[in-house]
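A.B. asks: Give me a 3D structure for the following:
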Amino acid sequence: MTIEIRWFKDFKCTHCREMVAVDCLLSGVKNRNHCPYCLWSKHLDLYQAGDRLSACKAGMQPVGLALKRSRKKYGPAQGGELMLIHRCTGCGSISVNRIAADDIAERLYEVFINSLSGELTPPSGVLPLGATDTHLVRRRLFGESFTIQMPPPQENATLRQFTFEE
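C.D. replies: Numbering: from 1, shown residues only. Purely as a prediction, here's the structure:
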């Protein structure tokens, strides 16, 4: 009989003070690096996710969203995974992190909306999502389909009916 013992280092968020569980079964990510409630992080990693080698240790503010590049050569243009962009409040370093399954979608959308009014210079190869990506972000976070906003008809406009036959 084999008994598996897991050691999780749950932590208290230094920004909002909520307890954060790091169990990958809850978050869907191997290295939990931000709070699912306020989305703030702590500058812990230096070279790669999970290395915990940074000496800075300052708070990292969520400042935008991006799409992870897809390795599929012929995949859809916007088929990448939604990512969270953080800026360190201590040293100004920018990092891009996976969104966790237990992150609050409304808060992610709020970060996206707030990012539309600011300047963001992410690392090379990372393109922050902008105003033209609003439908994409809403669909990824909330599962909403595209809706087309049509202007109201003018007073003297002629309405046309279209019939499509197979």
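A.B. asks: Could you list every helix and strand in contact with the longest strand anywhere in the chain?
C.D. replies: Longest strand in the chain, counting residues (DSSP state E): strand 59-67. Applying 3 or more C-beta pairs under 8 Å, 6 or more residues apart in numbering; DSSP states H and E, one finds that strand 59-67 contacts strand 41-42, strand 82-88, helix 105-115. Every C-beta, even on glycine, is put in place using the N, C-alpha and C of the backbone.
A.B. asks: mind redoing it with 6 Å?
C.D. replies: When contacts are defined as 3 or more C-beta pairs under 6 Å, 6 or more residues apart in numbering; DSSP states H and E, strand 59-67 sits against strand 82-88, helix 105-115.
A.B. asks: now what about it, what contacts it?
C.D. replies: Residues outside strand 59-67 that contact it (C-beta atoms under 6 Å, 6 or more residues apart in numbering) are 15, 39-41, 43, 80, 83-89, 96, 111-112, 115, 120, 126, 128-129.
A.B. asks: count of neighbours near residue 58?
C.D. replies: Residue 58 has 16 neighbours, counted by other C-beta atoms under 10 Å.
A.B. asks: wait, residue 143
C.D. replies: 8.
A.B. asks: Mind checking the helices and strands packed on strand 59-67 for the one nearest to residue 139?
C.D. replies: strand 82-88 (10.2 Å; C-beta to C-beta).
A.B. asks: what about stretch 80-94, distance to the chain center?
C.D. replies: Centre-to-centre, stretch 80-94 and its host chain are 10 Å apart (C-alpha atoms, centre = their mean, to the nearest Å).
A.B. asks: and it, average pLDDT?
C.D. replies: Mean pLDDT, computed over stretch 80-94, is 90.
A.B. asks: repeat for stretch 52-72
C.D. replies: So the average pLDDT for stretch 52-72 ends up being 84.
A.B. asks: just the helices and strands packed on strand 59-67: most buried one?
C.D. replies: strand 82-88 (a mean of 21; mean count of other C-beta atoms under 10 Å).
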